[in-house]
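**Student:** What shape does this take:
(chains A and B)
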Amino acid sequence: MRNLIRIHCKRFLFRWETFAVTLLNILLMVIGVLAARLMFDPETNNFDFYGLIHVITLVSVLAVLTAVIFIEINTLSTGAIRNPLIAGYSKGQVFLSKYISVIVFSAVQGAIVLLPTVLANCWTDRPVSFTLSMLLVYMTVSALAMTVCLLSDRPTVYVVILFGVLLGLIFGGTAVSEILNRPQYQGIELQEDHIDKLPNPWYLPSPKRDILEQVHRLNPLQPLKEYQLYLENMESYLYTAQYFENTLNQAEDDLHREYAGLLKQQWEERYDPHIRRLELFPYYQCGLLLMIGAGGILLFRKRNLK
Amino acid sequence: MEFILKTNALSKSYRKFRALDSVTMNVPKGAIYGFVGRNGAGKTTLIRLICGLQEPSAGEFTLYGTKHTDSKIARARRHMGAVVETPAFYGDMTAAENLKMQYAMLGLPSYDGIDDLLKLVRLDDTGKKKAKNFSLGMKQRLGIALALCGNPDFLILDEPINGLDPQGIVEIRELILRLNRERNITVLISSHILDELAKLATHYGFIDKGKIVQEISAKELEAKCRKYLHVKVSDAAVFANVMDKRGAEYEILSDTEANLYGEFRISELSAALAAEQCELLSITEHEESLENYFINLVGSDGGDRA
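**Tutor:** As a prediction, this is how the structure comes out:
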């Protein structure tokens, strides 16, 4: 099977789509690095650098996805599938080798955009898990596209649907993130002898919150938005978390302690999930990749090929 | 006799449609096996099963003595090459590049033999021309060249002369004969162009509506193909009466022409017709063509199977 993987990977080098998307990714990388080095000052936050990174990665992911679709959409009519089967490779081997080659291709393209920006020292925290999550976004969407192309009789139709689904996941993920970010209380005011709590009518309580959180973690495109939100708020989060900790420790009485506790809880409820999601995303993404691969092999084996 | 391919009650259904129905056939080693049937008879379906593109619904086949359910079937397939329906190749590569890809996929240690293959199929002068710009005949020959990579001793060609001009047909025919005689390659060739098969095949398998109707060697077929007399008479109705009295098998073609099957003395025939005032104008001897044999075998209800 190593031969097959090598051949499929080599095939990417011969395609104009590879050339075009690589050029685009290099351009995006240059923009990201220049912005990090020349325009962004983390102390003054003079420029929406994280928003720019979000846009760069979004454009790059969609470009890589488009390239994979263009390359794979007519695969069944070329020798890429039929010839190895006739030569004695199993359907599982043929599918898996293609799957791996697409993952490698998309990971390389993702690395072009991400690594230099990471190495430009603009991530103050978690560069490894961030880079891994973002690379996994590239790999997951590309793997999905390839699987759709190989399994459907009318790949063009299903690819258009896939594009729509992925765009829906991007916007849907943003919307879900907004819902989960809503605080439990619209206002918390310390009075002389009590605390006024104004409940937020738009707050989503458990168990719906827990279910939505799990669904949110399964969204393969969520890292695109999640890191932007996290990084934008990280510094103030660290500062504010310390502030609440100090306030709690210095509380004069139970009322002040409860008040500080409520503020801290509200703050953690808003920002801790970002951290938790970021820590868990690589596992969820890897699980998703394994599921797509395993499911793809099972379905491809049953497929009546021409 | 040694058989390269043996099928036993092989069946394939697509939902409610039974494409193959208990097909039992045997391809002898060293033969050119002509697989004959109308469009939609099941020829390509059978070939797809043997090549591993699809799985049988029932029954089994063995390739070089290895059952299709055996894990070693992959190794057995390494000894065969196939062109299924249309040739499968990379259109954006030259003929030589396509062959190199095939060699790499087969794990062959070097590219020795590629030039000889290109010369064998007369594609050695194509240079840097991309395969997508080849004529239909050239594409067919490239498909055969790809199938010949790795020196197989069993070649499956699915309707290789479809769409070819007369010169292309002659080239493919000569190539197949050369491969069989010089390299002792067993060939399974499916076609509905019977006159061409008659010039090639050493064995025949007739298939109709998914069932094998008959398997026969070329020698046996030659013996079976009936001779007949084509007669011109003054009155075909009188001729028919005379033949009915004699219990002879005949076919009226027009008011003055008929075909007469069986052994007859011309003098006796002439005398019998003269007694009924019917003149025998001319008489010529003919042999039944493969086409007529096939039509008589399967019936002439006409039309292709969906």
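**Student:** Strands of the chain, residue ranges please.
**Tutor:** As the question left the chain open, I've gone with chain A. For chain A, applying DSSP state E gives strands covering A:185-190, A:195-199.
**Student:** that's the other chain; I wanted chain B
**Tutor:** B:3-14, B:17-28, B:32-37, B:58-63, B:66-67, B:80-83, B:154-158, B:186-191, B:203-208, B:211-217, B:227-233, B:249-252, B:257-261, B:280-287.
**Student:** tell me the angle the third one makes with strand B:154-158.
**Tutor:** Using axes from the mean of the first three to the mean of the last three CA atoms, to 10 degrees, the interaxial angle of strand B:32-37 with respect to strand B:154-158 works out to 30 degrees.
**Student:** just the angle between strand B:32-37 and strand B:186-191, please?
**Tutor:** 20 degrees.
**Student:** Likewise for the first one?
**Tutor:** What separates the directions of strand B:3-14 and strand B:186-191 is an angle of 40 degrees, with the same axes, to 10 degrees.
**Student:** relative to strand B:58-63, how tilted is strand B:3-14?
**Tutor:** 150 degrees.
**Student:** Can you pull the phi/psi pair for the residue of the stretch 201-306 of chain B found nearest chain A?
**Tutor:** Relative to chain A, the nearest point of the stretch 201-306 of chain B is B:G210 (15.3 Å; CB to the nearest CB). Just so you know, the C-beta spots here come from the backbone N, C-alpha and C atoms, and that holds for glycine as well. Phi and psi for B:G210, reported as degrees, to the nearest 10, are phi 80, psi 0.
**Student:** what's the weakest-modelled helix or strand in the chain?
**Tutor:** By default, I'm working from chain A. None of the helices or strands of chain A scores lower by mean pLDDT, DSSP states H and E than helix A:222-249, at a mean of 72.
**Student:** look at chain B instead
**Tutor:** Per mean pLDDT, DSSP H and E, bottom of the list for chain B is helix B:290-298, a mean of 78.
**Student:** mind checking how far that one is from the chain centre?
**Tutor:** 13 Å (CA atoms, centre = their mean, to the nearest Å).
**Student:** give me every residue that touches the residue lying closest to B:F35 once chain neighbours are set aside.
**Tutor:** Spatial nearest neighbour of B:F35, excluding adjacent residues (CB to CB, 6 or more residues apart in numbering or on different chains): B:S190 at 4.0 Å. Applying CB atoms under 8 Å, 6 or more residues apart in numbering or on different chains, we find B:S190 in contact with B:G34, B:F35, B:V36, B:G37, B:K43, B:T44, B:I47, B:L157, B:D158, B:E159.
**Student:** which residues in the stretch 1-150 of chain A form helices?
**Tutor:** A:2-13, A:16-34, A:49-72, A:79-86, A:91-117, A:127-151 (DSSP state H, counting those that start in this stretch).
**Student:** Near chain A, which residues of chain B? Just list them.
**Tutor:** Applying CB under 8 Å from any CB of the partner chain, we find that chain B lies next to chain A at B:14, B:48, B:51-55, B:73-78, B:80-82, B:84-85, B:88-93, B:98, B:101-102, B:104-107, B:146-147, B:150.
**Student:** closest point of the stretch 151-300 of chain A to chain B, which residue?
**Tutor:** A:F300 (11.5 Å).
**Student:** Skipping its backbone neighbours, what lies nearest that residue in space?
**Tutor:** In space, A:F300 is closest to A:F95, 4.4 Å off (CB to CB, 6+ apart).
**Student:** Please tell me how far that neighbour sits from A:Y89.
**Tutor:** A:F95 sits 10 Å away from A:Y89, taking CB to CB, to the nearest Å as the criterion.
**Student:** Need the winner for burial among the helices of the stretch 1-150 of chain A.
**Tutor:** helix A:79-86 (a mean of 25; mean count of other CB atoms under 10 Å in any protein chain shown).
**Student:** Wondering if that helix reaches chain B at all.
**Tutor:** Yes: using CB under 8 Å from any CB, we find that helix A:79-86 touches chain B at A:G79, A:A80, A:I81, A:R82, A:N83, A:P84, A:L85, A:I86.
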